[in-house]
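Engineer: Below are the sequence and a predicted model for it; my questions follow.
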Amino acid sequence: MRAIKLRVLTGWLIAAAVGFTAAFVWQHFSNAERVEAAPQAAPSAERTRVEFAPNAPQLQFVKTEQVVLRTEPLLEPLSGKVAYDENYTARIASPVSGRVVKIDVQPGQSVKAGATLAWIDSPEYVAAVADVRKDESDIQQKRRAYARAKEMYEAEVLARKDFESAENELRQAEAEVERARMRLRNLVPGGAATEGRFPLRSPIGGVIADRKINPGSEVRPDAPDPLFVITDPTHVWVIIDVPERYLSKVKVGQLVQIEVDAFRGLDISGRIASIGTVLDPATRRVQVRCVVANPRQLLKPEMYARIVPLASEQNRLARISNAALLNRGVYNYVFVETKPGVFEKRRIEVGLQGRDETYVKSGLNEGDRVVVAGTLLLDSELSSGR
């Protein structure tokens with residue numbers, strides 16, 4: 001009986017020890033979890049603003065630019081070149097053979113329609129003038145002969161066939177003089193010159209873009225190159241070779257943005273005037289022609305250009321310099337100056353990104369001042385918590 005009581009007491013002691021141990025372990029781990037969870041319960045907010053005193057030395061390394069809205073681009077820039085607008089350009093050749101004896105204009109000079117460009121000593125032109133004078137003299141004689149024949153016929157002293165012969169000769173003389181005059185008018189639309197030399201005249205007003213003759217040069221109508229190129233420089237074309245895969249992005253009448261190396265950052269716009277109907281089998285490209293107003297004459301023929309087809313003019317996005325972007329993983333940020341010396345780190349959604357500039361879909365408004373120099377400095381200040 002005593003042994004039984006001893007076993008029962010031992011069991012109770014063991015059970016109590018196990019329970020005490022379990023309670024101690026549970027309390028220990030419970031406290032540890034509370035200690036570990038405490039910092040996560042109230043995480044510190046990420047800082048997004050940097051502020052400097054008005055005379056802080058860091059501000060001299062920070063530069064900002066104002067955000068402007070531009071029409072949304074559809075493609076990355078396409079390569080092209082500036083060309084003469086053929087609707088405002090004349091390539092002038094000599095309609096007669098001869099030798100240049102005098103030149104009245106120089107490259108770059110402005111001329112009016114009908115202005116004399118050069119004088120050519122041409123036997124062909126002299127012969128055309130002589131033919132007109134000879135036929136005019138001949139028709140005078142034929143008119144007098146016809147008048148006499150008519151008087152004699154009416155007086156019944158001349159046979160009818162002789163009268164009709166005189167009339168026919170007059171009609172032939174009139175046709176010859178008209179032919180000679182038309183030939184001379186075709187050679188010299190502004191009228192013949194009295195010097196006996198052929199005056200090469202400009203059919204349009206414009207600027208002498210090119211001249212390929214000198215005094216003493218021999219000229220002929222079938223020469224491969226024009227003697228003068230005259231154009232209105234306030235109108236130019238921009239020619240683009242569009243890859244086949246981008247044809248769905250362009251259409252006639254669409255607005256395009258043009259940039260040339262000589263005037264980086266200058267907004268020049270034009271419109272698509274025509275799209276080629278044939279694909280080049282070698283390059284798999286189609287030629288697209290854009291008309292561009294050039295009132296300041298900044299664009300010069302043969303300049304290389306970068307052309308961006310634009311979306312509807314109602315779709316306008318903020319355009320910023322690539323130097324303003326701060327990449328953090330899959331996200332992009334910029335620093336915006338909200339007040340003098342106060343900069344806010346702002347997340348943005350990037351659209352089309354070019355070599356120098358980026359279009360922003362959201363996160364910026366027109367008029368915001370974005371940091372374009374000193375971005376890394378501001379990010380470092382923000383990370384350091386100062």
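Structural biologist: Done, it's in. Residues are numbered from 1 along each chain as shown.

Engineer: Dihedrals phi and psi, Gly276?
Structural biologist: The phi/psi pair for Gly276 (degrees, to the nearest 10) reads phi -60, psi 150.

Engineer: do the one 4 residues further on as well
Structural biologist: Torsion angles at Asp280 (phi, psi; degrees, to the nearest 10) stand at phi -70, psi 120.

Engineer: what's the burial count for it?
Structural biologist: 12 (other C-beta atoms under 10 Å). For every residue, glycine as well, the C-beta is placed using N, CA and C.

Engineer: I'd like to know how far it sits from Leu247.
Structural biologist: According to C-beta to C-beta, to the nearest Å, Asp280 and Leu247 sit 13 Å apart.

Engineer: again with Thr283
Structural biologist: As judged by C-beta to C-beta, Thr283 and Leu247 stand 13 Å apart.

Engineer: quick check: domain ranges of the protein?
Structural biologist: Here the domain assignment for the chain is 49-72+315-384, 78-85+232-309, 89-130+171-230, based on automatic domain parsing.

Engineer: can I get these in CSV with distance to Gln140 and mean pLDDT?
Structural biologist: Formatted as CSV, those follow (distance: least, C-beta to C-beta, whole Å; pLDDT from 0 to 100):
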stretch, distance to Gln140, mean pLDDT
domain 49-72+315-384, 71, 86
domain 78-85+232-309, 45, 92
domain 89-130+171-230, 9, 88
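
Engineer: Serialize these to CSV and add fields for distance to Glu164.
Structural biologist: CSV is the format used below for the domains of the chain (distance: least, C-beta to C-beta, whole Å):
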stretch, distance to Glu164
domain 49-72+315-384, 77
domain 78-85+232-309, 56
domain 89-130+171-230, 10
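
Engineer: Which of those domains sits closest to Met152?
Structural biologist: Comparison of the domains of the chain against Met152 by C-beta to C-beta identifies domain 89-130+171-230 as nearest, at 18.8 Å.

Engineer: okay, how far is it across that closest one, tip to tip?
Structural biologist: 6 Å (C-alpha to C-alpha, to the nearest Å).

Engineer: contacting residues around the closest residue to Asn327 other than its chain neighbours?
Structural biologist: Leaving aside its chain neighbours, Asn327 sits nearest to Tyr333 (7.9 Å; criterion: C-beta to C-beta, 6 or more residues apart in numbering). Neighbour list for Tyr333: Leu325, Leu326, Asn327, Lys345, Arg346, Arg347, Ile348 [criterion: C-beta atoms under 8 Å, 6 or more residues apart in numbering].

Engineer: swap in Ile208?
Structural biologist: Ile208 touches Val105, Gln106, Pro107, Gly108, Gln109, Ser110, Val111, Leu117, Phe228, Val229, Ile230, counting by C-beta under 8 Å, 6+ apart.

Engineer: Need the buried ones from those selected in PyMOL.
Structural biologist: PyMOL command restricting these to the buried ones, with burial defined by 16 or more other C-beta atoms under 10 Å:
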select buried, resi 105+111+117+228+229+230
